[in-house]
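Novice: need the 3D shape of this:
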Amino acid sequence: IFPLRHAVPWLWLPLPVLGSAYPIARASGYSEQDVTSEEYQHYIGMIGRVVNSAAARGRGPVIFASGHEHDLQVLQPKDDLWYLVSGNGVLDHATAISDGPNTVFASEMAGYMTLDVYEDGGVMLKVIGVEDAERDPVTLFEKWIPGKGD
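Specialist: Next comes the predicted model:
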């Protein structure tokens, strides 16, 4: 309703039609960065095929890492399939989260993840939290993900 506030924060001039046009354009795939765009849908399909194919062949764990969300999540929808979400590098900028049926770990704390990959395909996953700039990072969660030889 107040789209001019993005350019001038104090400008509270209501423009309901213009203010509604932007979200409608984004929802209809206006930007190739939006999940509704044709390019993004193609990308999701390609990644899905690669992940499912590798997991189905039993070649060891498949780890799909992503960012941009402002939280830390470890999800495991299948035995050898892991989704890691790590995008909260900014203190006091968390996204609210909830535990779903595939949630192994979730935190709104700022932080990052490390993956130590071993020759047998095994992976040591660590989720590191950063409470504030004055304190040392802490390990919030760690998990050994066995490789094909384990």
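Novice: gap between the nearest residue to residue 113 once chain neighbours are set aside and residue 48?
Specialist: Spatially, and ignoring its direct neighbours in sequence, residue 113 is nearest to residue 86 (4.5 Å; CB to CB, 6 or more residues apart in numbering). C-beta coordinates here come from the backbone N, C-alpha and C atoms, glycine included. Per CB to CB, to the nearest Å, residue 86 is found 20 Å from residue 48.
Novice: with residue 108 instead?
Specialist: Separation of residue 108 from residue 48 (CB to CB): 27 Å.
Novice: what of residue 119?
Specialist: Going from residue 119 to residue 48 by CB to CB gives 28 Å.
Novice: which of the two has more neighbours?
Specialist: Per other CB atoms under 10 Å, whichever of residue 119 and residue 48 has more neighbours is residue 48, with 11 against 7.
Novice: pretty sure residue 66 is touching residue 85, no?
Specialist: Yes: judged on CB atoms under 8 Å, residue 66 makes contact with residue 85 at a distance of 5.5 Å.
Novice: which of these two has more neighbours?
Specialist: Legend: neighbour count by other CB under 10 Å for residue 66 and residue 85, higher for residue 85 (21 against 12).
Novice: tell me who's in contact with that one.
Specialist: Residues near residue 85 by CB atoms under 8 Å, 6 or more residues apart in numbering: 66-67, 69, 71-75.
Novice: for this structure, which spans come out with low pLDDT?
Specialist: Scanning the chain for pLDDT under 70 picks out 17-19, 22, 29-30, 54-58, 88-95, 149-150.
Novice: in it, which spans are helices?
Specialist: According to DSSP state H, the chain carries its helices in the segments 16-27, 38-56.
Novice: any chance of the ones you listed in a markdown table, with distance to residue 9 too?
Specialist: Listed next are the helices of the chain as a markdown table, based on distance: least, CB to CB, whole Å:
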| stretch | distance to residue 9 |
| --- | --- |
| helix 16-27 | 15 |
| helix 38-56 | 30 |
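Novice: coming back round to it: surely the residue nearest to residue 113 and residue 67 touch.
Specialist: Yes: the pair residue 86 and residue 67 passes the contact test of CB under 8 Å, sitting 6.0 Å apart.
Novice: hmm, back to that, and of the contacts of residue 85, the nearest to residue 138?
Specialist: Using CB to CB, residue 72 is the member of the contacts of residue 85 that sits closest to residue 138, with 12.1 Å.
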